[in-house]
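Peer 1: How does the following fold in three dimensions:
(2 chains)
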Amino acid sequence: MNIGGILINKEIPTELWEKLENTRAEVCGKDEKILFAVVGDLTMEAKYGISLLAVTEQRSFAMDADGKLLRAAAHADLKKAEVKRMYGNARLILTAKDDEKIEMFRFTYAVATLCDMAADYITKISEGGDAARAYDAVAAGYEKAMCVCPRCGRKLLHPGAECIACQSKGKLVKKLAVYVKPQLPNLILCMLLSLAGTTLSMLQPVATQTLVDDVLLGDNLSRLYGVVGFLLGAQLLRHIIAIIRSYRLRVSGDNMVYALRNDVYAKAQKLSMRFYDKTSTGSVINRISGDTSTLQSFMLRLTQEVVVQFFTMIGIVFIMFGMDYKLALVTLVPIPFTVIGSKIFGKKILPFYRKIWRRWASVVSILTDTLPGIRVVKAFSAEARSGDYFKDYNTEWLKVDKRSARISTAFPTIVSFFNACGTLLIWFVGGIWVINSGGADLSIGTLVAFISYASMFYTPVNFFANFNDTYQHALSSAERVLDILDAEEEPDRGKGNCPKMRGKIEFKNVNFSFDRTKMTLSNINLTIEQGDIVGIVGTTGSGKSTLVNLLMRFYDNYEGDILVDGINIRDIDLGYYRSQIGYVQQDSMMFRDTVYNNISFSRPDAQVEEVFHAAEVANAHEFIARLPDGYDSMLGERGVGLSGGERQRLSIARTVLMNPRMLIFDEATASVDSETESLIQQAIENLISERTTIMIAHRLSTLRKANKIVVLDKGEIIEMGTPEELIAAKGKYYKLIQIQTMAEQAEADKKEEGFE
Amino acid sequence: MARNYVGGDTVRFTRKDLTLVDMEYYDGTIVTDLEPRRLFPVSGGDRYITLLDKKGKEQAIIRDVNSLLPESAEIIRAVLREYYMIPEITAVLDINEKYGSNTWTVMTERGERTFQIQNRHSDVKQLYDGRILIRDTNDNRYEIPDWTKLDKHSRHVLNSQI
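Peer 2: Here you go, the predicted model:
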């Protein structure tokens, strides 16, 4: 935000403003204006507390919450400023012209981004850069950093974006209503049926009363036929209704869970890579398979039984009060116990449900992690160990589940005990009245009917008492399902914007870190002309793949801009954008489907002969033709049955088929032997023609066609130019070339000597 | 390259900076500006400290800080304390769930702190020994050394999160 012309990240109390102004006057003199300030959260001794960093064009100073000036430095005396990231905290360190270090400011990662910008600004100014331009960069940074939801304070993707957490955080019921709505007619029908059924069953005690008082005590045989006949009819009708209702209900429930599951899965496809970096697939699977079912039964109970039981309860209360209000009051005695008990129970059980789920999710995670890696487990004879590992987690689950069982099994029994006591109480009190009054105040029939009503009354009471359990269970399921339904989708604010692409790529001041602890890419500036073949080299962990991940828009939370043909890629329709890039990865994933479908995955509407052509370009057609099942060959989970090189060629064929404008090869030939490599290499060269191509490679031989080489080291570009230029410069690239030539020479020598 | 393990019988340390030390072998060789870092920041404590030079290259490993001369050990510990800021939570004052994000207010040995947790399932990790590791939305870390030893209110507040 901008307060009084000063950019600042947080509102501060007026008195602190005054102190800041006083300190400014003291340090800077009259005319110097503070441009921006960072409200920090640590003291220099790393205790929590407010501190302030203020920057004017000429100097920077830091002060504490009491307004005491801690340090000040004139930019003219400085060489550079940098942020030193540590673990959980970071420092802004200034280096003076005489190499003296000034510890300027200490902070947690909460304000690290702003301090990065401050460091940039100070460095630019001390190097004599353009102050206005440096300030613009800071202002833009502040705007972005301050772009938070006014309600919940979460960071927004871009200014003016809707807060995903707030916009739709309605009540649980409201959320699920979407799935209930289409089933509404069916559900209302079921409800009416069930009310009819309940009414029928409510008639029964009345009939019992007649049976006892008039028929049995009155020795009236002909009325016996009538009453029994009536009851039989009522029972028959009740059960027919029950059949229809159960069927209808099951279908509605299935429809609901079907829609919910589809939505959750579809949403899971659209979630960002950031989500999957932090969430195990096991837990996502658990949500789609388990939690949706819990919700289904919950929604059914909510829309059906709750309503029905409620009406039953009210109806019976009326009948009972009509029959004998004193006895009715006796019936109500156990209710307060049940209500209070259920409250306590709900509070106790919810944490357990969450715990159980969390333990269970870890168990499932192990399944999804280790079963695909069964080969590794066997190769290291780790079957037993793997089993124990699983057992450990499963034991954790068991422990918690047992503990929750203690509560959740005891509770319903306790409630029904209360209710049983209630029934006994009626027998007792009613019995005394019947005996004392000789049936005048209360007939035996009424007492018997009353007992039946009381037990019918306690059913809904039981239900509502236990409903809390279901509710809490469903609540924890709902939270997790909504976690996915509400999670941020991959941002696509340029939806519908599909400009024709030629393939000029620019990276402008791109900085990126997966978490704030370490910069994975810093200060990337790179221009790739249309049709360029660019080789990116560097040691592992130097940020090559990350660079490509950003270009693919797998991560959107980087600083700076990436442009294609001068358009910010964040402004382009995401689906369209990705369809313009062919991305061949090192380990290409094949789906459990036929070879044909695996190739045409990139363009399901492709003609058969187009698929053949793609396979041909990728040097894959011949080996596919040799397979017994040809294009119909089924591939396993990881394409079992094909070699790494063959899989790789299939994935190239996939890419050929989509005919992209830009190509990215991420170590496409890293895991294959040199003969296969040359086949793949040939396939790649077939594909490249005129397309902008980025190749990440370990083997520099892969890059012989490249007209531009970018050398990355620790997330920074250290060399860039044509291969000839870089060799002439004798830098890192030159060294890499030398090492590899030597290795190749050694290989060739070995061959010559007849060693394999 | 063989690891260069050092201990109190081979080297001593002098402090250079908030997070840097100089290492002097007893034969007089001095390696300057080393940054001690934990190889096991989560589980290890004082064991296996790597010493990185300015280029981030490892110069030596201390197997156990306790094996150093007392002054050297104190220097290494002090430097690590500065580098690794994982405040110990001594009391959980409040956890407020609103709009799907959890705001924790806690007391740490460095003062009171309020932070947000993005995802209860992945950002709050409970270890077997009672430790709880917490990561906030800004990737700052916090630790509860043993949650069973917290006061009753804290455990109650925490109970729904673990």
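
Peer 1: A:Phe514: what's it in contact with?
Peer 2: A:277, A:520, A:555 (C-beta atoms under 8 Å, 6 or more residues apart in numbering or on different chains). Quick note: C-beta positions are derived from backbone N, CA and C, even for glycine.

Peer 1: Next one: it, what pLDDT does it get?
Peer 2: Here the pLDDT value assigned to A:Phe514 is 77.

Peer 1: quick one: it from A:Gly575, how far?
Peer 2: Applying C-beta to C-beta, to the nearest Å, the value for A:Phe514 to A:Gly575 is 24 Å.

Peer 1: Which one (most neighbours) among the contacts of A:Phe514?
Peer 2: Highest neighbour count within the contacts of A:Phe514: A:Thr520, with 21 neighbours (other C-beta atoms under 10 Å in any protein chain shown).

Peer 1: Quick test: name the residue nearest the centre of chain A.
Peer 2: A:Phe275 (4.3 Å; C-alpha atoms, centre = their mean).

Peer 1: brain fart, chain B
Peer 2: B:Tyr84 (4.3 Å).

Peer 1: Skipping adjacent residues, who's closest to that one in space?
Peer 2: Leaving aside its sequence neighbours, B:Tyr84 sits nearest to A:Tyr87 (C-beta to C-beta, 6 or more residues apart in numbering or on different chains; 4.4 Å).

Peer 1: Can you tell me which of the contacts of A:Phe514 is nearest chain B?
Peer 2: Closest approach to chain B among these (C-beta to the nearest C-beta): A:Asp277, at 9.5 Å.

Peer 1: Quick check, A:Leu551 in contact with A:Ile664.
Peer 2: Yes. Under the contact definition of C-beta atoms under 8 Å, A:Leu551 touches A:Ile664, with a separation of 6.9 Å.

Peer 1: Pull up the overlap in contacts between the two.
Peer 2: Residues touching both A:Leu551 and A:Ile664 (C-beta under 8 Å, 6+ apart): A:581, A:694.

Peer 1: For these two, work out which one has more neighbours and name it.
Peer 2: A:Ile664 (25 against 21).

Peer 1: three-state assignment of the residue lying farthest from the centre of chain B?
Peer 2: For chain B, the residue at maximal distance from the C-alpha centroid (C-alpha atoms, centre = their mean) is B:Asp27, at 32.1 Å. Three-state call for B:Asp27 (DSSP: H, G, I helix; E, B strand; the rest coil): coil.

Peer 1: returning to what we had before: check contacts around the residue nearest to the centre of chain A.
Peer 2: A:487-488.

Peer 1: if I've got this straight, it is in a helix?
Peer 2: Yes. Under three-state DSSP, A:Phe275 sits within a helix.

Peer 1: so how far is the helix or strand where A:Leu447 lies off the chain centroid?
Peer 2: Per DSSP states H and E, A:Leu447 falls inside helix A:444-485. Relative to its chain's centre, helix A:444-485 lies at 33 Å (C-alpha atoms, centre = their mean, to the nearest Å).

Peer 1: cool, stretch A:186-197 as well?
Peer 2: Distance, stretch centre to chain centre, for stretch A:186-197: 38 Å (C-alpha atoms, centre = their mean).

Peer 1: List the buried residues for that stretch?
Peer 2: Judged by neighbour count (16 or more other C-beta atoms under 10 Å in any protein chain shown), stretch A:186-197 contains these buried residues: A:186-187, A:190-191, A:193-195, A:197.

Peer 1: Now do the contacts for the residue nearest to B:Trp147 when sequence neighbours are not counted.
Peer 2: Spatial nearest neighbour of B:Trp147, chain neighbours left out: B:Ile132 (5.2 Å); criterion: C-beta to C-beta, 6+ apart. Shown in contact with B:Ile132 (C-beta under 8 Å, 6+ apart): B:124-126, B:143-144, B:147, B:158, B:162.

Peer 1: Phi and psi next, for B:Ile132.
Peer 2: phi -130, psi 130 (degrees, to the nearest 10).

Peer 1: same thing with A:Asp561?
Peer 2: Dihedral angles of A:Asp561 (phi, psi; degrees, to the nearest 10) stand at phi -130, psi 150.

Peer 1: hang on, isn't it packed against A:Ile567?
Peer 2: No. Applying C-beta under 8 Å, one finds A:Asp561 not in contact with A:Ile567, separated by 10.0 Å.

Peer 1: What separation do you get for the residue farthest from the centre of chain B and chain A?
Peer 2: Using C-beta to the nearest C-beta, to the nearest Å, we find B:Asp27 at a distance of 29 Å from chain A.

Peer 1: Which phi and psi values does that residue adopt?
Peer 2: According to degrees, to the nearest 10, B:Asp27 has phi -80, psi 0.

Peer 1: likewise A:Thr722?
Peer 2: Dihedral angles for A:Thr722 - degrees, to the nearest 10 - are phi -70, psi 160.

Peer 1: List the residues that contact it.
Peer 2: The neighbours of A:Thr722, taking C-beta under 8 Å, 6+ apart as the test, are A:707-709.

Peer 1: which among those residues end up buried?
Peer 2: In the contacts of A:Thr722, the ones that pass as buried (16+ other C-beta under 10 Å) are A:708-709.

Peer 1: Next step: the contacts of A:Thr722 restricted to strands.
Peer 2: Counted as lying in strands by DSSP state E, out of those, are A:708-709.

Peer 1: Any regions of the stretch 601-750 of chain A where pLDDT drops low?
Peer 2: A:636-640, A:670-673 (pLDDT under 70).

Peer 1: Relative to A:Thr331, how far out is A:Asp441?
Peer 2: According to C-beta to C-beta, A:Asp441 stands 17 Å off from A:Thr331.

Peer 1: and the nearest residue to A:Leu442 once chain neighbours are set aside, how many neighbours does it have?
Peer 2: Leaving aside its sequence neighbours, A:Leu442 sits nearest to A:Trp433 (C-beta to C-beta, 6+ apart; 4.6 Å). Using other C-beta under 10 Å, the number of residues around A:Trp433 comes to 18.

Peer 1: ditto for A:Ile567
Peer 2: 16.

Peer 1: Could you look up the SS state of the closest residue in space to it that isn't next to it in sequence?
Peer 2: In space, and not counting its chain neighbours, A:Ile567 is closest to A:Pro499: 6.0 Å by C-beta to C-beta, 6+ apart. Look at A:Pro499: counting by three-state DSSP, its state is coil.

Peer 1: Identify the residues contacting A:Pro499.
Peer 2: Contacts for A:Pro499 (C-beta under 8 Å, 6+ apart) come out as A:565, A:567, A:572.

Peer 1: Mind pulling up the pLDDT for the residue nearest to B:Tyr84?
Peer 2: So A:Tyr87 comes in at 86 (pLDDT).

Peer 1: these two touch, right, it and B:Pro87?
Peer 2: No. With contacts counted by C-beta under 8 Å, A:Tyr87 stays clear of B:Pro87, the gap being 11.5 Å.

Peer 1: Right, I'll call it a day here.
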